[in-house]
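# The following comprises the amino acid sequence and a computationally predicted model.
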Amino acid sequence: MISQKKILFLLHIPPPVHGSSIVGQNIKNSVLLNETFDCRYINLIASRKIKETGKISIIKIVRFIWVFTQLLWELLMHRPNIGYLALTATGAAFYKDVLLIALLRLFRIKRVYHLHNKGFSKYQSKINKILYQFVFYDADVVLLSKYLYPDIQEYVPESRVHICPNGIADIVSDNKPHFLKNGDPVKILFLSNMIESKGVFVLLDACSILKKRGASFQCVFIGGEGNVTAFQFNEKVMQIDLSDHVRYIGEKYMEEKEQVFLNADIFAFPTYYCNECFPLVLLEAMSAGMPIVSTFEGGIPDIIEDGVTGFLVPQRNAELLADKLEVLIRNPLLREKMGRMGRKKYEEQFTLEHFEKNLIAILQKLTV
């Protein structure tokens with residue numbers, strides 16, 4: 001019997017809930033991956049809440065020391081064939097990752113980085129360039145989209161790059177999304193952590209424009225508080241007189257989240273977050289059969305076909321965002337058509353099974 005190849009996964013695992021941690025949880029829970037390889041796991045996350053992200057604290061330092069100790073133990077006692085790391089591109093988390101990578105390199109472990117964020121081409125200080133060269137030397141990289149390669153092309157040859165789009169479990173439990181919803185007004189949904197660069201205030205400004213144009217709509221915001229608090233959000237809503245059209249209802253998970261998706265007509269995600277790569281929430285919206293209005297950022301053009309499954313608009317442009325939302329609000333048949341096309345693309349490219357098979361094929365290739 002051929003022994004299984006050993007893979008040590010250093011992942012982000014919830015809490016907090018964000019794109020990379022959801023993917024990490026999906027990998028850890030994958031029956032297919034665990035049957036194919038001898039898998040072991042270490043949770044990299046030092047923050048337990050979105051508000052803690054990017055901030056240094058004693059407890060986070062202690063958690064990192066524990067991660068480093070676990071890695072050392074795994075390398076000594078269960079030497080893997082591959083060290084798989086969900087690498088962070090910037091900030092304190094990147095410098096912590098460098099220490100873990102130094103340990104992997106010391107033990108001559110083959111390294112694979114799965115990038116769920118970007119910023120390597122942006123932060124080009126002398127020390128960062130040296131560290132990037134150290135990190136990427138002789139390593140393979142898994143990217144979520146071909147559009148993300150320019151961020152690392154200075155450090156990684158294309159021959160070492162592997163494309164593996166994210167995939168998610170079906171947001172619709174009965175696999176029957178309702179494409180054409182009945183009732184008025186049209187329901188617009190925003191679901192993400194409440195971070196300004198995710199387009200929270202841009203969408204509010206677009207809603208203000210839609211109200212002035214006489215469009216019939218309701219817009220619901222869902223997500224954990226980030227640098228936009230519930231108080232700040234509601235204060236803005238009051239200032240621009242949108243209380244009858246907009247509401248924030250906090251975080252939703254599991255069945256509640258599914259129901260929110262099924263009840264909505266349009267998904268709006270006007271992100272300008274500079275490290276945006278391949279938002280899972282867009283895949284969830286496609287799974288639920290919704291047309292999407294989003295922006296040109298990261299790998300989003302690989303997800304949304306402009307004019308087919310939704311619309312892409314320039315970043316921070318509330319006027320053009322409102323234009324596209326209005327088109328969908330006033331045209332239910334177009335909403336249905338785009339929703340069906342989005343659902344079809346999800347089924348063909350972005351299911352959890354597609355993701356697992358793609359990742360397994362990459363890892364098998366690298367362990368030959």
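In hand now; what should we look at?
# Only C-alpha atoms from now on, for both contacts and neighbour counts.
Will do.
# Show me where the stretch 201-350 of the chain has its strands.
With strands called from DSSP state E, counting those that start in this stretch, the stretch 201-350 of the chain shows them at 217-222, 246-248, 266-269, 292-295, 310-313.
# if we compare the ones you listed, which one ends up closest to Arg111?
For those, the distance to Arg111 is smallest for strand 292-295, at 32.7 Å, taking Cα to Cα.
# helix or strand right after the biggest helix by length in the chain?
Counting residues, the longest helix in the chain under DSSP state H turns out to be helix 58-77. Toward the C-terminus, helix 58-77 is succeeded by strand 82-85 as the next helix or strand (DSSP states H and E).
# Tell me the strands beside that next one, with direction?
Strand pairing for strand 82-85, using DSSP bridges, gives strand 6-11 (parallel), strand 110-114 (parallel).
# Averaged pLDDT, it. What do you get?
The average pLDDT for strand 82-85 rounds to 98.
# Alpha carbons of it, as PDB, please.
Extracted in PDB, the C-alpha atoms of strand 82-85 (Å, rounded to 0.1, in the frame of the first residue of the first chain):
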ATOM      1  CA  ILE A  82       4.500  20.000   2.100                       C
ATOM      2  CA  GLY A  83       4.100  23.000   4.400                       C
ATOM      3  CA  TYR A  84       0.900  24.800   3.100                       C
ATOM      4  CA  LEU A  85       0.600  28.300   4.400                       C
END
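# Identify all contacting residues around that strand.
6-11, 104, 109-114, 367 (Cα atoms under 8 Å, 6 or more residues apart in numbering).
# And the strands of the stretch 201-350 of the chain: which comes nearest Met254?
strand 217-222 (13.3 Å).
# tell me what that closest one is packed against?
strand 186-191, strand 246-248 (3 or more Cα pairs under 8 Å, 6 or more residues apart in numbering; DSSP states H and E).
# can you pull the buried residues of the lowest-mean-pLDDT helix or strand in the chain?
Across the helices and strands of the chain, mean pLDDT, DSSP states H and E gives its lowest value to helix 254-263, namely a mean of 88. Residues of helix 254-263 classed as buried: Glu258, Val260, Phe261, Leu262, Asn263 (neighbour count, 16 or more other Cα atoms under 10 Å).
# Stretch 135-154 now?
Going by 16+ other Cα under 10 Å, stretch 135-154 has these buried residues: 135-136, 138-145, 148-149, 151-152.
# Equivalent analysis for stretch 353-368, please.
So for stretch 353-368, counting by 16+ other Cα under 10 Å, buried means Glu353, His354, Phe355, Glu356, Asn358, Leu359, Ile360, Leu363.
# now these as CSV including secondary structure?
Below are the buried residues of stretch 353-368 laid out as CSV (DSSP: H, G, I helix; E, B strand; the rest coil):
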residue, secondary structure
Glu353, helix
His354, helix
Phe355, helix
Glu356, helix
Asn358, helix
Leu359, helix
Ile360, helix
Leu363, helix
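# element containing Lys357?
helix 352-366.
# Quick one: low-confidence residue ranges for this protein.
Within the chain, the ranges that satisfy pLDDT under 70 run 1-2, 47-55, 173-176, 178-183.
# Break this protein into its domains for me.
According to automatic domain parsing, the chain comprises the domains 6-167+351-366, 186-349.
# Can you tell me which of these is most buried?
Counting by mean count of other Cα atoms under 10 Å, domain 186-349 has the highest mean neighbour count of the domains of the chain, with a mean of 20.
# what's the span of that one, first residue to last?
Using Cα to Cα, to the nearest Å, one end of domain 186-349 lies 28 Å from the other.
# can you tell me which of the domains of the chain comes nearest to Pro177?
The nearest among the domains of the chain, by Cα to Cα, is domain 186-349 at 5.4 Å.
# any idea how far that closest one is from the chain center?
The chain centre lies 15 Å from the centre of domain 186-349; the measure is Cα atoms, centre = their mean, to the nearest Å.
# who touches Ile222 in this structure?
Contacts of Ile222 (Cα under 8 Å, 6+ apart): Leu189, Phe190, Leu191, Ser192, Asn193, Met194, Tyr248, Ile249, Gly250, Glu251, Lys252.
# Can you name the residues bridging to the third one?
The one in question is Leu191. Counting by DSSP bridges, Leu191 is bridged to Ile222.
# That one reaches Pro279, doesn't it?
No: contact criterion Cα atoms under 8 Å: Leu191 and Pro279 do not qualify, at 10.8 Å.
# re earlier: taking strand 217-222 as reference, get the angle to the least confident helix or strand of the chain.
On the basis of axes from the mean of the first three to the mean of the last three Cα atoms, to 10 degrees, helix 254-263 is oriented at 160 degrees to strand 217-222.
# quick one on the thing from earlier: for the buried residues of helix 254-263, could you give me JSON lines that also reports distance to Asp205?
Shown next, in JSON lines, are those (distance: Cα to Cα, whole Å):
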{"residue": "Glu258", "distance to Asp205": "27"}
{"residue": "Val260", "distance to Asp205": "22"}
{"residue": "Phe261", "distance to Asp205": "22"}
{"residue": "Leu262", "distance to Asp205": "25"}
{"residue": "Asn263", "distance to Asp205": "23"}
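# ok, those vs Gly119, which is closest?
Phe261 (31.0 Å).
# Tell me if I'm right that that closest one and Ser287 touch.
No: using Cα under 8 Å, Phe261 makes no contact with Ser287, being 9.2 Å away.
# Fine, thanks again, bye for now.
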